[in-house]
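J.: Need the 3D shape of this:
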Amino acid sequence: MGAARMSIGFRGSFPHMSDRQSEVANLRCPGSVVDTCRACGGAAAVVFETTILGRYSVNFLKCQVCESLQSQSPFWIAESYTAAIAATDTGAMVRNLQCHAAVYAVAALCRVRGRFLDAGGGAGVLCRLLRDHGFDAHLADKYSDPVFARAFSIPIDECQAGDFALVSAVEVLEHFEDPAGEIDRLFALRPDVIVATTQVYRGEDKDWWYLSAQTGQHVFFYSEKCLELLARKHGFYYLCADWIHVFSAKPLGLVRRVALRLLLSNAGLGMVRLWLAARLRGRFADRDHVTACEQLATRQSERPND
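T.: Numbers count the residues shown, from 1 in each chain. Below is the predicted model:
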């Protein structure tokens, strides 16, 4: 699955291999505590081994504190990203439609006003859909060409706290090699709401489809407990609606929590999608066309003459 990653992490071979031979030996013994959790810093123990990219034997460890699952340090990661979006991600378009409905529902129920940022926005499909419904949406992605929203792409390093009222992270969290650091950066933007999608780890084994073993791009899998801990760490309130996760800077009352869970269910999202399809008018399309033309003209004028 997945949007492009937001951090490069390790390159090439496993770092400091000669310094960790005893740990590598322990990696072969399920249950041995051999590493620390990359999200919370707790002790992590091997729970299973599986094959990544069809040729690497890789250990997966469960944190004894936050109960998340992580791969061993992903030495194969550069090989995984020959393309930013995996060829096996056949659900990308449907997911964008679902997430468009989810973001719309959350924004409406939480009364979010202001600019939106789709972090790790990939080709820009979600950004374009949101703009077509009148949201001032932008995206940030270091590794993908935002072909549907190039005029509204912002370097992630230029995003500042308070710039955005809502931040979305669609199928991004599981790509983080340094989840604690990358999630800190998302919360540091201090939006009113963060909407993220990722499958929750609930003790699955090596046959879990979400491991995405053929692509090797998924390297961290969050438990609901972990996401709750991360929200508390940053002073946010957390709501889990299966694979959709809402982090709010303000408390979510009982009525709002119930409404969010209903609208973010499969049936609820289906109804929201129907309503959005009936209202799709390409609200900003003409204006955005002018903006894109102006940016293109500027780049062309800056080219040196042959």
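J.: Can you tell me the element residue 185 falls in?
T.: Under the criterion of DSSP states H and E, residue 185 resides in helix 179-188.
J.: buried sites along that helix?
T.: Residues of helix 179-188 classed as buried: 179, 182, 183, 185, 186, 187 (neighbour count, 16 or more other Cβ atoms under 10 Å). C-beta coordinates here come from the backbone N, C-alpha and C atoms, glycine included.
J.: I'd like to know how far the first one sits from residue 69.
T.: Note on residue 179: its distance to residue 69, by Cβ to Cβ, to the nearest Å, is 11 Å.
J.: next one: the fourth one
T.: In this structure, residue 185 and residue 69 are separated by 22 Å, where distance is defined by Cβ to Cβ.
J.: hmm, back to that, what residues are shared contacts of residue 179 and residue 69?
T.: Common neighbours of residue 179 and residue 69, using Cβ atoms under 8 Å, 6 or more residues apart in numbering, are residue 220.
J.: OK, contacts around residue 192?
T.: Under the criterion of Cβ under 8 Å, 6+ apart, the contact partners of residue 192 comprise 110, 112, 114, 165, 166, 248, 249, 250.
J.: hang on, the earlier thing: same list (the buried residues of helix 179-188) but as CSV, adding distance to residue 264 and pLDDT.
T.: Formatted as CSV, the buried residues of helix 179-188 follow (distance: Cβ to Cβ, whole Å; pLDDT from 0 to 100):
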residue, distance to residue 264, pLDDT
179, 23, 97
182, 23, 96
183, 20, 97
185, 25, 95
186, 19, 96
187, 21, 98
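J.: could the residues you listed be laid out in JSON lines, adding distance to residue 289?
T.: Compiled in JSON lines, those are given as follows (distance: Cβ to Cβ, whole Å):
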{"residue": "179", "distance to residue 289": "38"}
{"residue": "182", "distance to residue 289": "34"}
{"residue": "183", "distance to residue 289": "35"}
{"residue": "185", "distance to residue 289": "32"}
{"residue": "186", "distance to residue 289": "31"}
{"residue": "187", "distance to residue 289": "35"}
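J.: domains in the protein, as residue ranges please.
T.: The record's domain parsing of the chain by automatic domain parsing lists 26-80, 92-279.
J.: Now do the nearest residue to residue 130 once chain neighbours are set aside against residue 165, distance only.
T.: Leaving aside its sequence neighbours, residue 130 sits nearest to residue 137 (Cβ to Cβ, 6 or more residues apart in numbering; 3.7 Å). For residue 137, the distance to residue 165 (Cβ to Cβ) stands at 11 Å.
J.: got it, and residue 203?
T.: When distances are taken as Cβ to Cβ, residue 203 and residue 165 turn out to be 36 Å apart.
J.: Comparing the two, which shows the higher neighbour count?
T.: Neighbour totals were compared for residue 203 and residue 165, and residue 165 leads with 21 against 10 (other Cβ atoms under 10 Å).
J.: Might one say that the more buried one is in contact with residue 193?
T.: Yes - with contact taken as Cβ atoms under 8 Å, residue 165 and residue 193 are classed as touching, separated by 7.4 Å.
J.: what touches both of the two?
T.: Listed contacts common to residue 165 and residue 193 are residue 112; contacts here mean Cβ under 8 Å, 6+ apart.
J.: quick revisit: send me the helix holding residue 185 as PDB with only the CA atoms.
T.: Once non-C-alpha atoms are left out, helix 179-188 reads as follows in PDB (Å, rounded to 0.1, in the frame of the first residue of the first chain):
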ATOM      1  CA  PRO A 179       8.300   6.800  13.800                       C
ATOM      2  CA  ALA A 180       9.000   8.800  16.900                       C
ATOM      3  CA  GLY A 181      10.900  11.500  15.100                       C
ATOM      4  CA  GLU A 182       8.600  11.700  12.100                       C
ATOM      5  CA  ILE A 183       5.400  11.800  14.100                       C
ATOM      6  CA  ASP A 184       6.900  14.500  16.300                       C
ATOM      7  CA  ARG A 185       7.300  16.600  13.200                       C
ATOM      8  CA  LEU A 186       3.600  16.100  12.300                       C
ATOM      9  CA  PHE A 187       2.400  17.100  15.700                       C
ATOM     10  CA  ALA A 188       4.900  20.000  15.700                       C
END
